[in-house]
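[1] sequence first, predicted coordinates after that:
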Amino acid sequence: MTLQLKTFLNALVTPVKSKFETAKKAKQAPDFVFNGLTSKDLNYDKSNYPVEGTYNKTTPAWLNEISLVPDDWQWSEYWAENNVLRNAQIEAQQKYMAKNVPGQSYSGSTAEIIQQWYTKGMWNPDPAEGDKRNPPLPIFDPEKIKRLTENWINDDAEFARQRLGGSNPNVIKLAKAAEYNIANWISKASNGSNLSNLQTTLTSAQKNNTLFVCDYTQVVGSAVTQQFVVNKRFLEAPICYFIVDSESKNLKPVAIQIKGTDPTSYIFTPEDSNDKDGDAWLLAKLWVANADAQWWFSGSHLMNCHSIVMLFGIAALNQIISGNLSEDHPMVILAKPFLTQVFSINNAVISAPGSEEKGIYQKDQFCDLVLPTGRVGLYQIINSLYEDYHFDNNAFPTQMSNRCLDSGAIGDVFFPYRDDGKVWWDAITSFVSNIVNATYTSDTDVTNDKGLMAWMNATQAAFNHDNKTRFNTPETKADLMAVFTNLLYTCSAKHTSVNDAMLPGWAFTANGPFVMTAAAPKDAASVSQETVLSSLPNPQTDAGFTIIQNQITFVMAGTAVVDEEETAGMSQESDEVMLKYHPYKDGSPQQQAVKDFWNAIWTGDGSVKARIMENQSVRINSWSGSSPVPYSLSYYYLSAFLSPCVGPEYLNSSTMTSIQI
Ligand SMILES: [Fe+2]
């Protein structure tokens, strides 16, 4: 295998043997480390970057030692077995690509060539050898290959939809006048004098609250401005404006500044007279998608879900082993099914000190070898999101309202993550409230609960270790409900939205190339078909082929099959499995809360299952295009069950399983 992901793939099928029982006797507990990265990882020099130094800014605390985590908090056997199967699919996919991609021929417009590049000979339609399922599952069946490759960001509407129903719905927000001064922005741009129409359009949309923006200048831009971009690689942090078309109720992109960190740089628009064939506009969208992929990779997915969730998990295990928190505590019984297994996958991201195998964030591993940021730029992306992070601000309804996505004109636009996420948020809110009400009578009961306080204080200490307030120990029942609702949602629906969408979102390179292969254009006039094609990984060159293969492999590895009954107990047949995973005493009010939660998910017209199916059906029926319904619209990811419409080759778990990958 020529891939940089070999170590990662090995890690996914090699569970670590737990020494938890002996560690427990020795009171050796899983604990936080604030130096999970070694000096080898943190030091950088001019052999890789234009700058040299030691990276010393804050990133989330990490786990001290994976083998201290008990077996039943690590990957299940079922999971490891399924990853063997996934790896077999990955290998078969790679062989297929290697055999069929070379020698293909491409022709047509720039967009046609790009589509052919990432389609012809690319997708293995056969089952992997040794797939013992009956019948064996194709790796990519022909109908799904069409869905994967026929809707892409060449189309402006699809480009906009992917910001709302793709892998990273966490960037778009209302462009408020206080933060985005349109006249100022346009006046500084090199082509600003030609953009008076654009200025009128944007200013008027801003007044009507129909101007939205995907702004990468802070999060991705912090890596660009500090030159944490690997030598001979390219990274930009664009600003992209959208307006809501009130008639069609669609969002459409209207302006992109690729080099968003340079105010004097060019603003690309769809109607630029210097861009007769639309090549420059297409290239500008590809740069946005590339920046989006960087934000998603280490920010929305691994930092904002995996790392945050592990902080609660480490604190719980640490306090359990120290004897301060009972494993039978009602809040542990509530949260445990969501907190297990994240340790194992995170250990393949940054491996515990002393491990032989290094994680993908470490020196000379996947991120270093493939991504434009390398490891250090990626640490910077994480830091830019974590520096002023607060757990409460990341709660689903807070995000929607802070970014002004829950009302006004955008309220009429299909926004699958918002609309389906809300269904889960409401159900989880009721579940958590019922558990808290069944456990605590008053606010003082909460602060008098030594076990709970030990757990929450340990979590708080980890979040706030650099004296920044990112988490507050709950002091009232309402606080406690808010924290656990947010936690359970982050472990489940939020993670699923960024994880399960990774294959439909990024497997087709043109929807979000992990790597751009040429410098960004300085203006529209200088962009030709050749410029666009040379900016993307070319499947007919060794370097381009390797990038494409790495990207496909990564998103396949991140979407292996998980049984729907794993961990949180999502069986649709009865509440038995869910009760097993939340083993409250028979006849207790907490047990009743679990039964009610199961019913809220599965039974009746108002159930999560029914409401999300209704959302999906309305979205799907709205589609009148000639291509198959785009994933960004059907958006099966938050279904209560594993959707047969997508199939397990595209979807790794139902929404309520814990973070396993
Ligand atoms: Fe994940």
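    Structure's in. What do you need?

[2] show me where this structure has its strands.
    With strands called from DSSP state E, the chain shows them at 32-33, 43-44, 53-54, 62-63, 173-174, 211-215, 239-245, 250-257.

[3] what confidence value was assigned to residue 646?
    Looking at residue 646, its pLDDT stands at 56.

[4] got a pLDDT number for residue 86?
    The per-residue pLDDT of residue 86 was computed as 87.

[5] now do residue 572
    83.

[6] neighbours of it, how many?
    By other C-beta atoms under 10 Å, 15 other residues sit near residue 572. C-beta: built from backbone N, CA, C; applies to glycine.

[7] please apply the same query to residue 29.
    There are 19 residues near residue 29, going by other C-beta under 10 Å.

[8] coming back round to it: make CSV out of the strands of the chain and add mean neighbour count and distance to residue 106.
    What follows is the strands of the chain, written out as CSV (neighbours: other C-beta atoms under 10 Å; distance: least, C-beta to C-beta, whole Å):
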stretch, mean neighbour count, distance to residue 106
strand 32-33, 18, 49
strand 43-44, 18, 38
strand 53-54, 12, 43
strand 62-63, 24, 45
strand 173-174, 20, 38
strand 211-215, 24, 30
strand 239-245, 24, 28
strand 250-257, 22, 26
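
[9] out of these, nearest to residue 447?
    Ranking the strands of the chain by proximity to residue 447 (C-beta to C-beta) places strand 32-33 first, at 23.4 Å.

[10] chain center to the closest one, what's the gap?
    Strand 32-33 has its C-alpha centroid displaced from the chain centroid by 24 Å (C-alpha atoms, centre = their mean, to the nearest Å).

[11] now do stretch 265-273
    That offset, for stretch 265-273, works out to 30 Å (C-alpha atoms, centre = their mean).

[12] going by neighbour count, list what's buried in it.
    265, 266, 267, 268, 269, 270, 272 (16 or more other C-beta atoms under 10 Å).

[13] so the last one sits against residue 524, correct?
    Read it as residue 272. Yes - between residue 272 and residue 524 there is a contact at 4.5 Å, judged by C-beta atoms under 8 Å.

[14] so what sits against both of the two?
    Residues touching both residue 272 and residue 524 (C-beta atoms under 8 Å, 6 or more residues apart in numbering): 280, 281.

[15] thinking again about what came up before, quick check, nearest of the buried residues of stretch 265-273 to residue 90?
    For the buried residues of stretch 265-273, the nearest to residue 90 is residue 268 (36.3 Å; C-beta to C-beta).

[16] bridge partners for the closest one, pull those for me.
    Beta bridges link residue 268 to residue 256, judged by DSSP bridges.

[17] next up, the contacts around it.
    Counting by C-beta under 8 Å, 6+ apart, residue 268 makes contact with 255, 256, 257, 258, 275, 280, 281, 283, 284, 524.

[18] which of those residues fall in helices?
    280, 281, 283, 284 (DSSP state H).

[19] now do the last one: how many residues are near it, please.
    If I follow you right, that is residue 284. 29.

[20] could you count how many residues lie near residue 434?
    19.

[21] that one touches residue 596, doesn't it?
    Yes - assessed by C-beta under 8 Å, residue 434 is found in contact with residue 596 at 6.3 Å.

[22] now rank the ones in helices among the contacts of residue 268 by neighbours and give me the top one.
    residue 284 (29 neighbours).

[23] beta partners for residue 240?
    Judged by DSSP bridges, the bridge partners of residue 240 are residue 214, residue 256.

[24] surely it is in contact with residue 213?
    Yes - with contacts counted by C-beta under 8 Å, residue 240 reaches residue 213, the gap being 6.8 Å.

[25] contacts for stretch 174-182?
    Taking C-beta under 8 Å, 6+ apart as the rule, stretch 174-182 contacts 199, 202-203, 206, 209, 211-213, 215, 241, 403-405, 408, 410.

[26] residues contacting residue 102?
    121, 540, 545.

[27] quick check: phi and psi on it?
    phi -60, psi 140 (degrees, to the nearest 10).

[28] so what's residue 374 up against?
    44, 48, 49, 228, 229, 230, 233, 367, 368.

[29] the same query, at a cut-off of 10 Å, please.
    If you count contacts by C-beta atoms under 10 Å, 6 or more residues apart in numbering, residue 374 has them with 44, 48-49, 223, 228-231, 233, 235, 363-364, 367-368.

[30] among those, which ones are buried?
    Buried residues within the contacts of residue 374, counting neighbours by 16+ other C-beta under 10 Å: 44, 48, 49, 223, 228, 229, 230, 233, 235, 363, 367, 368.

[31] tell me the one among those nearest to residue 601.
    Once C-beta to C-beta is applied, the member of these that ends up nearest residue 601 is residue 367, at 36.6 Å.

[32] the closest one and residue 297 touch, don't they?
    Yes - because the distance of 8.0 Å satisfies C-beta atoms under 10 Å, residue 367 is recorded as touching residue 297.

[33] what sits against the spatially closest residue to residue 259 that is not a sequence neighbour?
    Nearest residue to residue 259, sequence neighbours excluded (C-beta to C-beta, 6 or more residues apart in numbering): residue 265, at 3.9 Å. Residues near residue 265 by C-beta under 10 Å, 6+ apart: 188-191, 236, 238, 257-259, 520-523.

[34] can you flag the buried ones in those?
    With burial judged by 16+ other C-beta under 10 Å, the buried subset of the contacts of residue 265 is 189, 191, 236, 238, 257, 258, 259, 520, 521, 523.

[35] most widely separated two among those residues?
    Longest distance between any two of those is 16.9 Å, between 191 and 236; criterion C-beta to C-beta.

[36] check contacts around the residue nearest to residue 10 when sequence neighbours are not counted.
    In this structure, residue 10 finds its nearest non-sequential neighbour in residue 357, 6.9 Å apart by C-beta to C-beta, 6+ apart. By C-beta under 10 Å, 6+ apart, residue 357 lies in contact with 7, 8, 10, 11, 14, 347, 348, 351, 365.

[37] derive a ChimeraX selection command for the buried subset of those.
    Selecting only the buried entries of the contacts of residue 357 in ChimeraX, with 16+ other C-beta under 10 Å as the criterion:
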select :7,8,11,347,348,351,365
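
[38] redo the contacts of residue 357 as TSV? Include distance to residue 179 and pLDDT.
    Compiled in TSV, those are given as follows (distance: C-beta to C-beta, whole Å; pLDDT from 0 to 100):
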residue	distance to residue 179	pLDDT
7	42	80
8	38	84
10	45	83
11	41	82
14	47	79
347	39	93
348	38	92
351	40	90
365	37	93
